[in-house]
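Participant: dropping a prediction and its sequence here:
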Amino acid sequence: NAGVTQTPKFRVLKTGQSMTLLCAQDMNHEYMYWYRQDPGMGLRLIHYSVGEGTTAKGEVPDGYNVSRLKKQNFLLGLESAAPSQTSVYFCASSYSMTPGANVLTFGAGSRLTVL
Amino acid sequence: KQEVTQIPAALSVPEGENLVLNCSFTDSAIYNLQWFRQDPGKGLTSLLLIQSSQREQTSGRLNASLDKSSGRSTLYIAASQPGDSATYLCAVTDQTGANNLFFGTGTRLTVIP
């Protein structure tokens, strides 16, 4: 059981380049999330999805786009990367968003550096 | 906006010692509080989830308490082992509608053999 898999694990971009991070889960979870983790700050929610074909903005959505074309995949895109987007990105999924049942399973993270 | 604080940022203890990690949050209108463990280069692993109506949860050598009215939670680790070395994060689920998790910055624990 792979759980939540993120690709790539590492990436270096130049300012203005675009890229997509892929998150795949094999647990048939409805809900998926993208977080970023920066030094000295807690994880912050970028975007999330409550099901196939749906997405919603989180706390820090600017500069990112997402898509959930298939239930098992949640893509995070950077159209024009900026140095402020240098971070470690975590994908997570959960069976439910019901308070008390929102136990998240996290991927191992993707470290992105924008020069 | 909910803010979650964890103090200290880092903690070193000798093996076998009991220890307490602290978490505080500013808005008591939460659904639950979770404690996570993060190993270097890895994702987060959920350790314990405490509902807002509960006072504590236990799992093995771990015991988490919640005082919602004062905005505090503690994670007690008994008889610490070198394998407990990791960063411990707490997060609260707020009641603003999005069920978003608000994370603290974590406490990096080192257990010295």
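Facilitator: Structure's in. What do you need?
Participant: next, the buried residues of the strand or helix carrying B:Asn22.
Facilitator: In the assignment (DSSP states H and E), B:Asn22 maps to strand B:19-25. Buried residues in strand B:19-25, defined by neighbour count with 16 or more other C-beta atoms under 10 Å in any protein chain shown: B:Leu19, B:Leu21, B:Cys23, B:Ser24, B:Phe25. For glycine as for every other residue, the C-beta is placed from the backbone atoms N, C-alpha and C.
Participant: try stretch A:37-47
Facilitator: So stretch A:37-47, judged by 16+ other C-beta under 10 Å, has buried residues A:Gln37, A:Gly42, A:Leu43, A:Arg44, A:Leu45, A:Ile46, A:His47.
Participant: just those residues that are near chain B?
Facilitator: Counting by C-beta under 8 Å from any C-beta of the partner chain, A:Gly42, A:Leu43, A:Arg44, A:Leu45 from the buried residues of stretch A:37-47 sit close to chain B.
Participant: can you map out the strands along chain A?
Facilitator: A:4-7, A:10-13, A:19-25, A:31-37, A:44-51, A:54-57, A:65-67, A:73-78, A:87-94, A:105-106, A:110-114 (DSSP state E).
Participant: so where's chain A shaky on pLDDT?
Facilitator: A:1, A:97, A:99-101 (pLDDT under 70).
Participant: what parts of it come near chain B?
Facilitator: Counting by C-beta under 8 Å from any C-beta, the residues of chain A that sit close to chain B are A:4, A:40-45, A:48, A:56, A:58-59, A:90, A:92, A:97-100, A:102-109.
Participant: can we see that at 7 Å?
Facilitator: A:40-43, A:45, A:58-59, A:90, A:97, A:99-100, A:102-104, A:106-109 (C-beta under 7 Å from any C-beta of the partner chain).
Participant: of the residues you listed, buried ones?
Facilitator: A:42-43, A:45, A:58, A:90, A:97, A:100, A:102, A:104, A:106-109.
Participant: ok, A:Ser94 to B:Ile30 distance?
Facilitator: The spacing between A:Ser94 and B:Ile30, counted by C-beta to C-beta, to the nearest Å, is 17 Å.
Participant: hmm, back to that, need the buried residues of strand B:19-25 in JSON lines (columns: pLDDT and distance to chain A).
Facilitator: Putting the buried residues of strand B:19-25 into JSON lines (pLDDT from 0 to 100; distance: C-beta to the nearest C-beta, whole Å) gives the following:
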{"residue": "B:Leu19", "pLDDT": "96", "distance to chain A": "21"}
{"residue": "B:Leu21", "pLDDT": "97", "distance to chain A": "15"}
{"residue": "B:Cys23", "pLDDT": "98", "distance to chain A": "11"}
{"residue": "B:Ser24", "pLDDT": "97", "distance to chain A": "13"}
{"residue": "B:Phe25", "pLDDT": "96", "distance to chain A": "11"}
